[in-house]
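Trainee: Let's see this in three dimensions:
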Amino acid sequence: MSNFLTLKQKVFLGVIGILFLLNIFVWKEVFILAGPHYLKVDILDIGQGDAIFIETPDMRHILIDGGPDLAVLGKLAKLLPFFDKSLDVVILTHPDQDHLMGLLSVLQKYHVKNILWTGIARDGGNYQKWLELIEKQKQKGSNIVIADLHTKIKSGEILIDILNPIENLEGRYFNKTTNETGIVSRLIYSKKSFLFTADVSSKTEQQIIDLSRQAGSKVNLSSDILKVSHHGSKYSSSEEFLQAVHPSFAVISVGKDNSYGHPTPEVLQKLQNFGIKILRTDQNGDVEILSDGENLKIK
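Mentor: Numbers count the residues shown, from 1 in each chain. Below you'll find the model as predicted:
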């Protein structure tokens, strides 16, 4: 018998090998989808900007901001099954470049069922592109929501409360800065909670604190995880705000060796003074947080 395989035999064995690998890949995807369901929050390392991916226990997918460029697409490709080209919710906190640009690419590649933003008006070609893309999503069935203090997102046991903007800003013109208009949201899962603060300054932080202290107010700032505002700018994260939130962990989404000096020494010192453990995307990469509603696990 010849020791050499015929061409037909080689082809046959090659096909068998490919089918075997495909079978492993498919079962890997099934295993991932059928695994234990936790809340998963990924604060993504996308440079000098914000992008936060949330997977709820009932397998809903939420993206808060998209960072400054295309990097978010590579992150989503790893976080979602290869066949999934949809997101349940996209939130644009405010239309600054380091939050908006990645979302322009996301809206061109993924179908988004619900889009939340403030509806503010401003100049710029990228802002106009955003308007065009959300209109196209709307024509495909997307629900466009203008977020304010009364907005809530409910998915199974997950609740997201919008804490800012306090009033409806739809159509209001902002050109120089939109930071104070940013969507601040608090995610609650049973006994654990997360506070996402966009780029608001201490001025808006104080407004939210004052609101929480009003008689009969349902605004609660206390959270286990704080996404530090504005990449660790010295104009955010006041001592009073940190005391009101009193988180165990603070995550700073920031680009390595950025030109702004973020995070600033002042903010880092304040966090340390309160005994808050600090995680930074420029040093730790993607920060993944898992919760069963009772405990937290940080990777």
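Trainee: going forward, measure contacts between C-alpha atoms and count neighbours the same way
Mentor: Fine.
Trainee: can you pull out the strands in the stretch 51-200 of the chain?
Mentor: 52-55, 61-64, 86-91, 111-117, 143-146, 152-155, 158-164, 184-189, 192-196 (DSSP state E, counting those that start in this stretch).
Trainee: which one of those strands lies closest to residue 125?
Mentor: strand 111-117 (17.7 Å; CA to CA).
Trainee: Show me what that closest one is packed against.
Mentor: If you count contacts as 3 or more CA pairs under 8 Å, 6 or more residues apart in numbering; DSSP states H and E, strand 111-117 packs onto strand 86-91, helix 125-139, strand 143-146.
Trainee: Deepest in the core, which of the ones you listed is it.
Mentor: strand 86-91 (a mean of 20; mean count of other CA atoms under 10 Å).
Trainee: Using PDB, write out every CA atom in that one.
Mentor: In PDB, the C-alpha atoms belonging to strand 86-91 read as follows (Å, rounded to 0.1, in the frame of the first residue of the first chain):
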ATOM      1  CA  SER A  86     -27.800  44.500  16.900                       C
ATOM      2  CA  LEU A  87     -27.800  46.400  20.200                       C
ATOM      3  CA  ASP A  88     -30.800  46.900  22.400                       C
ATOM      4  CA  VAL A  89     -29.800  50.300  23.600                       C
ATOM      5  CA  VAL A  90     -27.300  53.000  22.600                       C
ATOM      6  CA  ILE A  91     -26.900  56.000  24.800                       C
END
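Trainee: In the chain, which residue is most central in space?
Mentor: For the chain, residue 52 is the residue whose C-alpha lies nearest the centre (CA atoms, centre = their mean; 1.7 Å).
Trainee: check contacts around it.
Mentor: 41, 42, 43, 44, 63, 64, 65, 66 (CA atoms under 8 Å, 6 or more residues apart in numbering).
Trainee: Mind checking which of the residues you listed are buried?
Mentor: Among those, those scoring as buried are 41, 42, 43, 44, 63, 64, 65, 66 (criterion: 16 or more other CA atoms under 10 Å).
Trainee: Quick one: low-confidence residue ranges for the stretch 151-299 of the chain.
Mentor: By pLDDT under 70, the stretch 151-299 of the chain contains no weakly predicted segment.
Trainee: In it, mark out all the helices, start to finish.
Mentor: 202-212, 239-245, 265-273, 281-284 (DSSP state H, counting those that start in this stretch).
Trainee: returning to what we had before: rebuild the buried ones among the contacts of residue 52 as a markdown table, extending it with distance to residue 267 and pLDDT.
Mentor: Compiled in a markdown table, the buried ones among the contacts of residue 52 are given as follows (distance: CA to CA, whole Å; pLDDT from 0 to 100):
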| residue | distance to residue 267 | pLDDT |
| --- | --- | --- |
| 41 | 23 | 99 |
| 42 | 22 | 99 |
| 43 | 19 | 99 |
| 44 | 20 | 99 |
| 63 | 26 | 99 |
| 64 | 23 | 99 |
| 65 | 23 | 99 |
| 66 | 24 | 99 |
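Trainee: which of those lies closest to residue 294?
Mentor: residue 41 (15.0 Å).
Trainee: my guess is that closest one meets residue 292, correct?
Mentor: No: counting by CA atoms under 8 Å, residue 41 stays clear of residue 292, with 11.8 Å between them.
Trainee: Show me the domain layout of this protein.
Mentor: 1-35, 38-298 (automatic domain parsing).
Trainee: Out of the ones you listed, which one sits most buried?
Mentor: domain 38-298 (a mean of 18).
Trainee: circling back: quickly check the contacts of residue 52 for the two that are furthest apart.
Mentor: Among these, 41 and 66 lie farthest apart (CA to CA), at 14.5 Å.
Trainee: Indicate which one of the helices of the stretch 151-299 of the chain is closest to residue 98.
Mentor: That would be helix 281-284 among the helices of the stretch 151-299 of the chain, by CA to CA, at 14.7 Å.
Trainee: contacts for that closest one?
Mentor: Taking CA under 8 Å, 6+ apart as the rule, helix 281-284 contacts 43, 44, 45, 47, 251, 252, 253, 254, 255, 256, 287.
Trainee: So what's the gap between it and the chain middle?
Mentor: Centroid displacement of helix 281-284 relative to its chain, using CA atoms, centre = their mean, to the nearest Å, is 16 Å.
Trainee: Over to stretch 223-235?
Mentor: 14 Å.
Trainee: Okay, and the beta partners of residue 112?
Mentor: residue 87 (DSSP bridges).
Trainee: can you pull the contacts of residue 264?
Mentor: So residue 264 contacts 232, 233, 234 (CA under 8 Å, 6+ apart).
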